[in-house]
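Peer 1: got a predicted structure plus its sequence, pasted below:
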Amino acid sequence: MTEARATRVLIAGCGDLGGRLGTTLARTGHRVWGLRRRVENLPAELEPIAGDLSAPDSLPSLPEVDIVAYTAAADGFSDEAYRSAYVEGVRTLLTALKRPPERWLHVGSTSVYTQSDGVEVDESSPTSPEQFAGLRLLEGERLLFEAAEERGFRAVVVRFAGIYGPGRTRLLDTIRQGQATCFEPPVWTNRIHVEDCVGVLDHLGKLVTPEPIYLGVDSEPALDGEVKRWLARRLDLPDPPVGQPSERARRLRSSKRCSNRLLLDSGYEFRYPDFRTGYGALIEDLPA
Ligand SMILES: NC(=O)c1ccc[n+]([C@@H]2O[C@H](COP(=O)([O-])OP(=O)(O)OC[C@H]3O[C@@H](n4cnc5c(N)ncnc54)[C@H](OP(=O)(O)O)[C@@H]3O)[C@@H](O)[C@H]2O)c1
């Protein structure tokens, strides 16, 4: 992914985000392999590697690559699924690679921050999740950083907030179906457009001396009601009603304002710096 030479990139757990990243890289002259179980779903520009990251024996001999992008997602919302995707998958891939890459770009999540008082959060903020999801994500990050230290490669974790974009329209759909609720008390939310996720990973692949961790969020944390009301008005729909989140949502929900200062200082320029530009573009492209 450096400007100077074409690199060899392995995208592990190559689904929506991985496929988009792979396509972008392949179209700019890099050689890209996509590893997943159902390789028939890979974009045509990628070289397929069929394998299951939770079953070491299923992996074929892997190519030597300069960059690994780890974009696997859990199959479901359970401790077992999270452990498999975010811990065991990392361990399996580290073992399967005969030569470590120069750089491992790792997709993480801002859900490791459980702050619920609307405080500003950055890369140095404490992470103390109690639920399995955050615990397994952090366990995978730690495993990766230990391996990077031991085997002498650079690991860069990007903790993305809620990803939206084409094909990722859950919030928009709930507004259109009249099923959204503006929470009371309101909660701070953070997000990033999927094209910026690709842009950020591409950028961090090229950066000469990246930091170990970045928050992958746009430039505007926003209260959930503000986003939902803006979307409804943009769609010419009535404001969603005010209501309480369910007990389960309340337990899982944080309220924090994630800062992308480190990413901006590294030179990344957002295509969609806030929810208005990102969702605005998405709504323009909605079928009539
Ligand atoms: N959704 C969000 O808002 C959000 C926010 C922050 C971070 N993230 C993170 O972003 C990353 C990418 O998400 P995404 O939307 O691109 O997910 P996705 O479309 O579901 O892609 C993940 C891919 O991983 C592959 N995979 C899962 N288990 C595997 C295994 N055992 N072996 C090999 N491949 C496996 C799956 O392909 P096969 O089934 O074919 O194997 C799947 O296509 C995930 O780490 C997710 O946690 C998402």
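Peer 2: Sure, I can see it.

Peer 1: what does the stretch 1-150 of the chain put close to the ligand?
Peer 2: 13, 15-18, 36-38, 41, 52-54, 71-73, 75, 85, 89, 107, 109 (CB under 6 Å from any ligand atom). Glycine gets a C-beta too; all of them are placed from N, C-alpha and C.

Peer 1: what part of the chain, helix or strand, is modelled with the least confidence?
Peer 2: Lowest by mean pLDDT, DSSP states H and E among the helices and strands of the chain is helix 247-252, with a mean of 71.

Peer 1: so after that helix, what's the next helix or strand?
Peer 2: strand 256-258 (DSSP states H and E).

Peer 1: for the spatially most central residue of the chain, grab phi and psi.
Peer 2: Centroid check for the chain by CA atoms, centre = their mean gives residue 160 as the closest residue, at 4.3 Å. Dihedral pair for residue 160: phi -80, psi 150, per degrees, to the nearest 10.

Peer 1: just the one 4 residues further on next, same as before
Peer 2: Backbone torsions of residue 164, given as degrees, to the nearest 10, read phi -130, psi 170.

Peer 1: of the residues of the stretch 1-150 of the chain next to the ligand, which belong to helices?
Peer 2: If you go by DSSP state H, these have 16-18, 89 in helices.

Peer 1: quick one: which of these is the most crowded by neighbours?
Peer 2: Neighbour counts for these, by other CB atoms under 10 Å, peak at residue 18, which reaches 28 neighbours.

Peer 1: in the stretch 1-150 of the chain, which residue sits nearest the ligand?
Peer 2: residue 15 (1.8 Å; CB to the nearest ligand atom).

Peer 1: could you list the low-pLDDT ranges of the chain?
Peer 2: 1-6, 251-252 (pLDDT under 70).
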